[in-house]
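Q: Sequence and predicted structure, then a few things I'm wondering about:
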Amino acid sequence: MPGATEYGITLMANYSTNEFKGGLKVMLDGDPCAILENDYVKPGKGQAFNRVKLRNLMTGRVWERTFKSGESLEAADVLELDMEYLYTDGEMWYFMLSDGSFEQYPVERKALGETEKWLKEQVVYTVTLWNDNVINVTPPNFLDLEVVQTDPGLKGDTAQGGSKPATLSSGAVARVPLFINEGEVLKIDTRTGEYVGRA
Amino acid sequence: MSMDWRPSADIETLRERARLIGEVRAFFAERGVMEVETPVLGRAGSTDVHLASLHCTATTPAGRQPLWLQTSPEFHMKRLLAAGSGPIFQLARSFRDGEVGSRHNLEFTMLEWYRPGLDLDGLMAETEALIRRLLPSDPGALRRHRYRELFREDLDLDPFHEPLEALRRLATERGGLDMAEACRDDCLDLLMSLVIEPRLGRDGLDVVLDYPASQAALARRHRDPEDGEWVASRFEVYVNGLELANGYDELTDAEEQGTRFAEDNAARRAAGLPEVDVDRHLLAALEAGMPEASGVALGLDRLIQLALGKASVAEVMAFATPRA
């Protein structure tokens, strides 16, 4: 377990390449990363290597790296916690642990990233902490959001294709069917920004 | 959560696997090559620096002793050759610690065969015939490449003479890892795996020959007739970027074999790896006299994977390591 504290010193675990598996959090070039894929490559009779895909949790970028088999990386002290979105004062966004502790965490715009346009009060988000600082906020896969602006709906057009942009209460813009009107509450897939249906 | 008890290969695939293994047996029966079975547990293991052996402790007539799970059936099969077996083949369950991935499994089936009196070219032709028999469609013509030429073509360098510093720089750059302290062969292995291997075996069977003498393993070494360079007398066969088989003109000299075992263990010590008990039975057999022979080890699971168009070896094994 990373981050076990003994005598006030934090002892970090190390993971060797053969322990690498999807989801494991490790430190690479000073940034916390999540392992996505790990494959073992070995030429006929020689040194073995691991080709590893990692997501840099600070930037979201995917890195492809090669390691000598048996090399190890330091575990990253990364926690993913459920937190409820409370409010923003324009500079920071405030989230609260949903475990009943009422503990609040301020989040910077940089850590919020794309999630800024998917914020809704009282909804629970997955918040990633690294060394107790928030580095990422992931919205639930589906959110119910109200349409605040869109062109007027077309009567009777409920089945045919065609779509139009609609601005949602969280600030995101989604493509919605032509029959949707302002004030309606829609179910949206936050991963793709696509309309799923009326909520 | 329910346990995932199901096989890693579907039943139809296992039926096809059984059929292909039947083809392998028929292939060797037609050629008068005898099937043998040798121990999985042996008193000695492979000294190869790049192979990690598994071992266990067993109660035997000699008392409690460590036994090694064989990384290939090579040593036992060579003792059979020395005892006058003639041509032999084996479908041998082999074990290599830490080797798990899309092309590797901790335990796997090695198809290994030995041909006394046959030279490397003859063995290459037989290996090609077996591969063609198992693959459902024509993999294309066989192309021979010299190790040195591949590095010249793809990386514009001479693997035998490029200065070590330049090799380290290139390996670091291509691999994205620190190779500043790496030895020559590790740099070459990295470049082979990342740059050259992926393009081998596309629209044809690629055979790589004349490896550096330092990568001879248990093959003989000879001087290249063209440039006088010492090279290993071995070949590897690639299909679809996948290394399938490794063939040797087998070392039969007991003294040279003893030296290579000692060199391996010295390299193990230098790398901080545990030493492996040397196979004294093999040395004694070579001393008694093993016939001149060529031999090849072929990863049967990979060949079946290719024949059935699967993405990983796990998909052609009843229970790959993660589900074993």
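A: Nice, thanks for sending it over.

Q: Looking at chain B, which helix is longest?
A: Scanning chain B for the helix with the most residues, using DSSP state H, yields helix B:11-30.

Q: what's the pLDDT at residue 165?
A: Picked chain A for this. Looking at residue A:165, its pLDDT reads 93.

Q: not what I meant, chain B
A: 96.

Q: before we move on, what about residue B:322?
A: 88.

Q: How about the contacts made by it?
A: B:8, B:100, B:314 (CB atoms under 8 Å, 6 or more residues apart in numbering or on different chains). C-beta here means a position set from N, CA and C on the backbone, and glycine is covered the same way.

Q: Mind checking which of those residues are buried?
A: Using 16 or more other CB atoms under 10 Å in any protein chain shown as the burial test, the contacts of residue B:322 include B:8, B:100, B:314 as buried.

Q: Can you list the buried residues in the longest helix of chain B?
A: So for helix B:11-30, counting by 16+ other CB under 10 Å, buried means B:13, B:16-17, B:20-21, B:24, B:27-28.

Q: any idea which helix or strand comes after it?
A: Per DSSP states H and E, the first helix or strand lying C-terminal to helix B:11-30 is strand B:34-35.

Q: contact partners of that following strand?
A: Outside strand B:34-35, the residues touching it (CB under 8 Å, 6+ apart) are B:25, B:28, B:85-91.

Q: just checking, which of those belong to strands?
A: Mapping the contacts of strand B:34-35 onto strands (DSSP state E) picks out B:88-91.

Q: one step back: helices or strands up against the longest helix of chain B?
A: In terms of contacts (3 or more CB pairs under 8 Å, 6 or more residues apart in numbering or on different chains; DSSP states H and E), helix B:11-30 is packed against strand B:34-35, strand B:88-95, helix B:120-134, helix B:300-307.

Q: Just the angle for it relative to helix B:300-307, thanks.
A: 110 degrees (axes from the mean of the first three to the mean of the last three CA atoms, to 10 degrees).

Q: quick one, helix B:11-30 and helix B:120-134 angle?
A: Put simply, helix B:11-30 runs at 140 degrees to helix B:120-134, going by the same axes, to 10 degrees.

Q: as a whole number, average confidence for helix B:11-30?
A: Rounded mean pLDDT across helix B:11-30 is 98.

Q: Could you tell me the angle between it and strand B:88-95?
A: 140 degrees.

Q: Convert helix B:11-30 to CSV, retaining C-alpha atoms only.
A: Once non-C-alpha atoms are left out, helix B:11-30 reads as follows in CSV (Å, rounded to 0.1, in the frame of the first residue of the first chain):
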residue,chain,number,x,y,z
ILE,B,11,-13.9,-24.6,-27.1
GLU,B,12,-13.9,-24.3,-30.9
THR,B,13,-10.4,-22.8,-30.8
LEU,B,14,-9.2,-25.7,-28.5
ARG,B,15,-10.7,-28.2,-31.1
GLU,B,16,-8.7,-26.4,-33.8
ARG,B,17,-5.6,-26.5,-31.6
ALA,B,18,-5.9,-30.2,-31.1
ARG,B,19,-6.3,-30.7,-34.9
LEU,B,20,-3.1,-28.6,-35.6
ILE,B,21,-1.1,-30.6,-33.0
GLY,B,22,-2.3,-33.8,-34.8
GLU,B,23,-0.8,-32.2,-38.0
VAL,B,24,2.5,-31.6,-36.2
ARG,B,25,2.7,-35.3,-35.2
ALA,B,26,1.8,-36.4,-38.7
PHE,B,27,4.5,-34.2,-40.2
PHE,B,28,7.2,-35.8,-38.1
ALA,B,29,5.8,-39.3,-38.4
GLU,B,30,6.1,-39.0,-42.2
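
Q: what's next to it, contact-wise?
A: B:7, B:9, B:34-35, B:89, B:91, B:111, B:113, B:129-130, B:133-134, B:300, B:303-304, B:307-308, B:310, B:315-316, B:318.

Q: Quick one, which of those are buried?
A: B:7, B:9, B:89, B:91, B:111, B:113, B:130, B:134, B:300, B:303-304, B:307-308, B:310, B:315-316.

Q: domain parsing for chain A?
A: Domain assignment for chain A, taken from automatic domain parsing, gives A:4-74, A:78-138, A:142-198.

Q: tell me, which of those domains is the model least confident about?
A: Lowest mean pLDDT of these: domain A:4-74, a mean of 85.

Q: got the buried residues for stretch B:32-41?
A: B:33, B:36, B:38, B:40.

Q: Quickly list what the residue nearest in space to the middle of chain B is bridged to.
A: With distances taken as CA atoms, centre = their mean, residue B:246 lies nearest the centre of chain B, 4.8 Å away. When assigned by DSSP bridges, residue B:246 has beta-bridge partners residue B:236, residue B:297.

Q: In contact with it, which residues?
A: A:44-45, B:234-236, B:296-298.

Q: With distance to residue B:140 as new columns, can those be given to me in a markdown table?
A: Formatted as a markdown table, those follow (distance: CB to CB, whole Å):
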| residue | distance to residue B:140 |
| --- | --- |
| A:44 | 21 |
| A:45 | 25 |
| B:234 | 23 |
| B:235 | 18 |
| B:236 | 17 |
| B:296 | 20 |
| B:297 | 23 |
| B:298 | 19 |
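
Q: got any ranges where the stretch 1-150 of chain B has weak pLDDT?
A: Within the stretch 1-150 of chain B, the segments meeting pLDDT under 70 span B:1-2.

Q: Specify the local secondary structure of the residue of it at minimum distance from chain A.
A: With CB to the nearest CB as the measure, residue B:101 is the residue of the stretch 1-150 of chain B nearest to chain A, at 3.1 Å. Assigned by DSSP: H, G, I helix; E, B strand; the rest coil, the conformation of residue B:101 is coil.

Q: Any idea which of the domains of chain A gets closest to residue B:177?
A: domain A:4-74 (5.1 Å; CB to CB).

Q: quick one: that closest one to chain centroid distance?
A: 20 Å (CA atoms, centre = their mean, to the nearest Å).

Q: Repeat that for stretch B:183-196.
A: 17 Å.

Q: next one: stretch A:93-113
A: 14 Å.

Q: cool, and stretch B:139-159?
A: 19 Å.

Q: Would you mind listing the buried residues in it?
A: Under 16+ other CB under 10 Å, the buried positions of stretch B:139-159 are B:139, B:142, B:145-148, B:150-151, B:155, B:157, B:159.

Q: Starting from chain B, give me the distance back to the residue located most distally from the centre of chain A.
A: Farthest-out residue of chain A from its mean C-alpha position, per CA atoms, centre = their mean: residue A:45, at 41.2 Å. Using CB to the nearest CB, to the nearest Å, residue A:45 is found at 5 Å from chain B.
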